[in-house]
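**Q** heads up, no residue letters with this:
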């Protein structure tokens, strides 16, 4: 019998500097910092989970993961269901000096891509009409330009 996964519970990302990463996830992305552990980890909640994301500090000499190595590509964080919310997120990122790496219309969702201070790719997205993917699940593989 197969395991029945209900949802993704949380993600832990490796970073160099705990305070710098915490400032990004707390101040730029608006997650609530809920706890720290032994000066090496910070835990963040989007409001309904005890924590949705955590960061683990490896220290200033930690090497970045090579772009062509196997591993995590990005973490997607849902921020709403309307393009207005995505536009507001773009303005918030720009106000915090966070470079936008790209935008995309995936038909099932619309997205902004940025990186945290350690180069971990973050996708901020709003959902489209669920009837689209319910009628045709294959459209989840759509990528079109998005102008915000």
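**A** Structure's in. What do you need? Quantities reported herein were computed from a predicted structural model and do not represent experimental measurements.
**Q** C-alpha only now, for contacts and for neighbours.
**A** Will do.
**Q** show me the contacts for the residue lying closest to residue 73 once chain neighbours are set aside.
**A** Excluding the flanking residues, the one nearest residue 73 by Cα to Cα, 6 or more residues apart in numbering is residue 121, at 6.7 Å. For residue 121, the contact set (Cα atoms under 8 Å, 6 or more residues apart in numbering) comprises 73-75, 113-115.
**Q** Now rank those residues by neighbours and give me the top one.
**A** residue 114 (21 neighbours; other Cα atoms under 10 Å).
**Q** which element is it on?
**A** Assigned by DSSP states H and E, residue 114 belongs to strand 109-115.
**Q** Name the residues that touch that strand?
**A** So strand 109-115 is contacted by 83, 86, 90, 98-105, 121-128, 146 (Cα under 8 Å, 6+ apart).
**Q** That one pairs with which strands, and in what direction?
**A** In the sheet, strand 109-115 lines up against strand 100-105 (antiparallel), strand 121-127 (antiparallel) (DSSP bridges).
**Q** Can I take it that residue 20 is in a helix?
**A** Yes: assessed with DSSP: H, G, I helix; E, B strand; the rest coil, residue 20 lies in a helix.
**Q** wait, it sits on residue 117?
**A** Yes: contact criterion Cα atoms under 8 Å: residue 20 and residue 117 qualify, at 7.3 Å.
**Q** that older thread, buried subset of the contacts of strand 109-115?
**A** Restricting the contacts of strand 109-115 to buried positions leaves 83, 86, 90, 98, 103-105, 121-128, with burial counted as 16 or more other Cα atoms under 10 Å.
**Q** Out of these, flag the one nearest to residue 24.
**A** Checking those against residue 24 with Cα to Cα, the nearest one is residue 98 at 8.9 Å.
**Q** can I see the domain layout of the chain?
**A** 8-60, 74-148 (automatic domain parsing).
**Q** Mind putting the ones you listed into TSV with distance to residue 66?
**A** Formatted as TSV, the domains of the chain follow (distance: least, Cα to Cα, whole Å):
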stretch	distance to residue 66
domain 8-60	14
domain 74-148	10
